[in-house]
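> Return a 3D structure for these sequence lines:
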Amino acid sequence: MTQPRKKLLIVDVAALGWDFVTRRPLDGLSFHRVETVFPALTCTVQASLRTASLPRDHGMVANGLFFRHLRRVMFWEQSAALVIGPRIWDGLRRTGGKVGMMFFQQSLGESVDLVLSPRPVHRHHGGMIQDCYSQPPDLYGRLSSRLGRPFDVMHYWGPLASAKSTEWIVDAAEEVMRSPDLAPDVLMTYLPHLDYDLQRHGPDSRQALQALDKVYAWLADLRRFAETAGYDWLFFGDYAIEAVRGGPVFPNRLLRDAGLFAVRTVQGRAYPDFFTSRAIAVADHQVAHVFTADRDSTERAAGIFHDVQGIGEILDRAAQQRLGLDVARSGDLVLVADRGFWFAYPWWTEKGEAPDYAGHVDIHNKPGCDPCELFFGWPPPKVSADPTRVRGTHGRRGADTSVAWASSCEFAEQPQTLIDLARMVKKRLE
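From the prediction side, this is the model:
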């Protein structure tokens, strides 16, 4: 008689890079090397995993997208409809299997049976109401009650980001797996903690190894719990953090100096004018998508970025096609940083010109990813305006950007890329 297939726990461990884990192996857990997706960014990698496809197919080319018809940059939008294409679990759900997603990006409205994602309500006059979106609707309340504490989004991102957010996620995932009325056949979750201290202090720091030890403890705990609950498990890293040695590059400052990036001044502050700008750069760690008004603007922008220290590649449409990035959402040019450099979004140089959101954790209004939000500025609770404090970054492609994975599943062959791994998981679920 055929034994029923075990359930499966899939854990995305932020910043679990191959070179990093080999510095301190975990007893009893054998990691393997695999190439990540380019760009090596959270939303891009997670979309590739759930669709087993390249960005040209699923469309999530970065954590933030520029919507040309709106003339607006939108970071960290959570609609599942942003991810195009079939999911690796579609066959499983057609046969009655259940799928859960906890703290995955673009999970709201996803074709799954259980969803949990941070979704605070921002008050009109400042501050926010802490909350999580969940399906079924009472899931978050049930988990908070059983764990004896709600999820605190202040520990999930910002200057207070810490191990507390990952501890809650681990405890909640275990609670879901132990609950007969909740436990799905596939549970996908995300552990963010390692990313914080590697960006703050760099992968070569004492703090980075301490953070790795904490992650190892959580993985060991999840492994034991999953096996007890009848789950196989798969742990994988989404990107590798490299040390910042060169510093930040400011593509929007270069475009503004050349007259291609336009601003409108409001009470002395320089806000971007995307309606009249001829070129803008959506900075996202080591990748920046440059959107232009026409071919002449594209050529001018390419000339401006040529030979700029810290810019390793300028990808035109042909180069993007070779890398699987040729999709309408991608920039007319894509900048890739040199090793040890990263792209910062500011277009201003004078402190007084900074938009009001620059000094705050404001992931939805800033038209670029801002790792400075991991540091306090002065006076608190403002965030730092000093990008030289960032010590770790990610996103580019290279021989040193591989990630680590480990699993209790027996796959027929060794995957070479994360997309290969996703295809193997899909086959297992069918």
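> For the rest of this, base every contact and every neighbour count on C-alpha atoms.
Fine.
> List the contacts of residue 24.
By Cα atoms under 8 Å, 6 or more residues apart in numbering, no residues touch residue 24.
> before we move on, what SS does it have?
Residue 24 falls in the coil class when you classify it by DSSP: H, G, I helix; E, B strand; the rest coil.
> again, but for the one 5 residues further on
Taking three-state DSSP as the rule, one finds residue 29 in the coil state.
> what pLDDT does it get?
According to the prediction, residue 29 has pLDDT 88.
> hang on, it packs against residue 404?
No: Residue 29 is not in contact with residue 404 according to Cα atoms under 8 Å; the separation is 11.3 Å.
> Show me which of these two is the more surrounded one.
residue 404 (27 against 15; other Cα atoms under 10 Å).
> Are we agreed that the more buried one is in a helix?
No: under three-state DSSP, residue 404 sits outside any helix and is assigned strand.
> what's around residue 387, how many residues?
Residue 387: 19 neighbours (other Cα under 10 Å).
> Setting aside sequence-adjacent positions, which residue approaches it most closely?
Leaving aside its sequence neighbours, residue 387 sits nearest to residue 372 (Cα to Cα, 6 or more residues apart in numbering; 5.9 Å).
> I'd like to know how far the one you found sits from residue 389.
7 Å (Cα to Cα, to the nearest Å).
> Also residue 60?
According to Cα to Cα, residue 60 stands 28 Å off from residue 389.
> more neighbours, the two?
The residue with more neighbours, out of residue 60 and residue 389, is residue 60; 28 against 18, by other Cα under 10 Å.
> Now that one: closest residue in space, sequence neighbours ignored.
residue 44 (5.1 Å).
> tell me how far the strand or helix carrying the one you found is from the chain's mean position?
Using DSSP states H and E, residue 44 sits in helix 42-51. Here the centre of helix 42-51 is set off from its chain's centre by 9 Å, with Cα atoms, centre = their mean, to the nearest Å.
> ok, now which ones touch the closest residue to residue 6 other than its chain neighbours?
Leaving aside its sequence neighbours, residue 6 sits nearest to residue 231 (Cα to Cα, 6+ apart; 5.4 Å). Contacts here follow Cα under 8 Å, 6+ apart; on that basis residue 231 touches 6-9.
> Name whatever forms a beta bridge with residue 231.
Counting by DSSP bridges, residue 231 forms beta bridges with residue 7.
> can you give me how far stretch 394-402 is from the chain middle?
In terms of Cα atoms, centre = their mean, the centre of stretch 394-402 is set 15 Å apart from its chain centre.
> what does stretch 163-171 give?
In terms of Cα atoms, centre = their mean, the centre of stretch 163-171 is set 17 Å apart from its chain centre.
> same thing with stretch 391-398?
Relative to the chain's own centre, stretch 391-398 is displaced by 12 Å; criterion: Cα atoms, centre = their mean.
> Let me see the mean pLDDT of that stretch.
Mean per-residue pLDDT for stretch 391-398: 96.
> Okay, buried residues for that stretch please.
391-397 (16 or more other Cα atoms under 10 Å).
> And for stretch 415-430?
So for stretch 415-430, counting by 16+ other Cα under 10 Å, buried means 415, 417-426, 428-429.
> mind putting those residues in a markdown table, secondary structure and pLDDT included?
As requested, the buried residues of stretch 415-430 are exported to a markdown table (DSSP: H, G, I helix; E, B strand; the rest coil; pLDDT from 0 to 100):
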| residue | secondary structure | pLDDT |
| --- | --- | --- |
| 415 | coil | 98 |
| 417 | strand | 98 |
| 418 | helix | 98 |
| 419 | helix | 98 |
| 420 | helix | 98 |
| 421 | helix | 98 |
| 422 | helix | 98 |
| 423 | helix | 98 |
| 424 | helix | 98 |
| 425 | helix | 98 |
| 426 | helix | 97 |
| 428 | helix | 96 |
| 429 | helix | 96 |
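> Please tabulate the residues you listed in CSV, including the columns distance to residue 205.
Listed next are those as CSV, based on distance: Cα to Cα, whole Å:
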residue, distance to residue 205
415, 30
417, 28
418, 27
419, 31
420, 32
421, 30
422, 32
423, 35
424, 35
425, 34
426, 37
428, 39
429, 40
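> now for these, which pair is the farthest apart?
Within the buried residues of stretch 415-430, 417 and 429 form the most distant pair, 18.8 Å apart (Cα to Cα).
> Narrow the contacts of residue 231 to just the buried residues.
With neighbours counted by 16+ other Cα under 10 Å, those contain buried members at 7-9.
> contacting residues for the closest residue to residue 235 other than its chain neighbours?
Distances taken as Cα to Cα, 6+ apart place residue 11 nearest to residue 235, at 4.8 Å, with adjacent residues excluded. Listed by Cα under 8 Å, 6+ apart, the contact set of residue 11 reads 188-191, 233-236.
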